[in-house]
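**Q** coords below, sequence missing:
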């Protein structure tokens, strides 16, 4: 019968080989243990497995962010900036502002109803 450590080592190899990000994904690529046995022997609590999954996620995130940085696609560049920027930079990009007194996020465009057309806005302005 295989030991906890043997399963753990095999699963870590599988995580690295297949770039697995979650415990649920392990069962797609690793057939050496059943789902129930995995949980029964406590592999779901293994810090070593959790660290391997976190490492896999972080390597993928870093790779994606590096691609976004050199991309000419503005959407990817804005996404990167939202992830790495300060709260102020994020809100400038998102056109929102946090009201310090209420902690509510609201659009920067005060007095402009973004759900109406320009003609309707002009009519509203004339009426005011």
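**A** Here it is on my side, so go on. Treat the numbers as computed from the prediction; the structure is a model and nothing was measured. Numbers count the residues shown, from 1 in each chain.
**Q** Pick out the residue nearest the middle of this protein.
**A** residue 61 (8.5 Å; CA atoms, centre = their mean).
**Q** does residue 76 count as helix, strand or coil?
**A** Secondary structure, DSSP: H, G, I helix; E, B strand; the rest coil: residue 76 is helix.
**Q** Touching, it and residue 65? I think so.
**A** No - if you go by CB atoms under 8 Å, residue 76 and residue 65 don't touch, sitting 9.4 Å apart. Heads up, the C-betas are built off the backbone N, CA and C, glycines and all.
**Q** tell me the mean pLDDT over the top helix by length along the chain?
**A** The longest helix of the chain (DSSP state H) is helix 47-70. The average pLDDT within helix 47-70 is 97.
**Q** Would you mind pulling the contact partners of that helix?
**A** For helix 47-70, the external contacting residues (CB atoms under 8 Å, 6 or more residues apart in numbering) are 8, 11-12, 15-16, 19-23, 43, 76-77, 79-80, 83-84.
**Q** Please apply the same query to stretch 18-32.
**A** By CB under 8 Å, 6+ apart, stretch 18-32 touches 2, 7, 10-11, 14-15, 17, 35, 38, 44, 49, 53, 56-57, 59-60.
**Q** domains in the chain, as residue ranges please.
**A** Using automatic domain parsing, the domain ranges for the chain come out as 1-70, 71-110.
**Q** what is the rounded mean pLDDT of stretch 17-27?
**A** 97.
**Q** Show me what counts as buried in that stretch.
**A** Neighbour-count burial for stretch 17-27 flags 20-21, 23, 25-26 (criterion: 16 or more other CB atoms under 10 Å).
**Q** any idea how far residue 64 is from residue 44?
**A** Using CB to CB, to the nearest Å, residue 64 is found at 27 Å from residue 44.
**Q** swap in residue 81?
**A** 36 Å.
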